[in-house]
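Colleague: Generate a structure from the sequence data that follows.
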Amino acid sequence: QVKVVESGGGLVQAGGSLRLSCAVSDSPATVKDMAWFRQTPGKERDFVACIRRDAVTTYYADSVKGRFAISRDIEKEILYLEMSNLKPEDTAVYYCAASPRQDLWTMTKKEAYGWWGQGAQVTVSA
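Modeller: Coordinates of the predicted model:
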């Protein structure tokens with residue numbers, strides 16, 4: 001069973017930067033597509049960014065394009081999310097997700113991912 005564990009996050013002022021990390025263990029070679037989602041209380045879990053196992057193909061939500069960067073270290077089996085120019089509306093719990101499949105049509109959908117981390121709180125103050 002694949003394990004996914006996030007780290008990073010915290011409190012930052014608007015305009016600041018943070019980096020989230022996500023370590024994959026226990027059969028990491030099984031993991032193909034990976035992604036970051038975020039969720040605020042009472043709302044759906046929303047797509048933020050995703051990346052294929054080639055570590056080259058990426059997609060972003062419009063709300064974070066140009067500010068967030070997703071990357072992946074295949075050798076270390078770690079996923080990253082570099083967040084810059086953070087805004088108060090970026091405040092959320094951020095979840096790392098992993099999938100055993102490669103599918104360009106579904107990789108932005110939370111239903112495509114079967115392994116999830118516990119979540120990391122990111123709070124951006126005005």
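
Colleague: switch to C-alpha atoms for all contacts and neighbour counts from now on
Modeller: Fine.

Colleague: Tell me which stretches of the chain form strands.
Modeller: Secondary structure of the chain by DSSP state E: the strands cover 3-8, 10-13, 18-25, 34-39, 46-51, 58-60, 68-73, 78-83, 92-98, 115-116, 120-125.

Colleague: Let me see the contact set for the nearest residue to residue 67 once chain neighbours are set aside.
Modeller: Of all residues not flanking residue 67 in the chain, residue 84 sits nearest, at 5.2 Å (Cα to Cα, 6 or more residues apart in numbering). By Cα atoms under 8 Å, 6 or more residues apart in numbering, the contact list for residue 84 reads 15-18, 67-68.

Colleague: show me what contacts the residue nearest the centre of the chain?
Modeller: The centre of the chain sits closest to residue 36, judged by Cα atoms, centre = their mean, with a distance of 2.0 Å. By Cα under 8 Å, 6+ apart, the residues touching residue 36 are 47-50, 81, 94-97.

Colleague: try it again with 10 Å
Modeller: The neighbours of residue 36, taking Cα atoms under 10 Å, 6 or more residues apart in numbering as the test, are 20, 22, 46-51, 60, 70, 79-81, 94-98, 108, 110, 116-117, 119.
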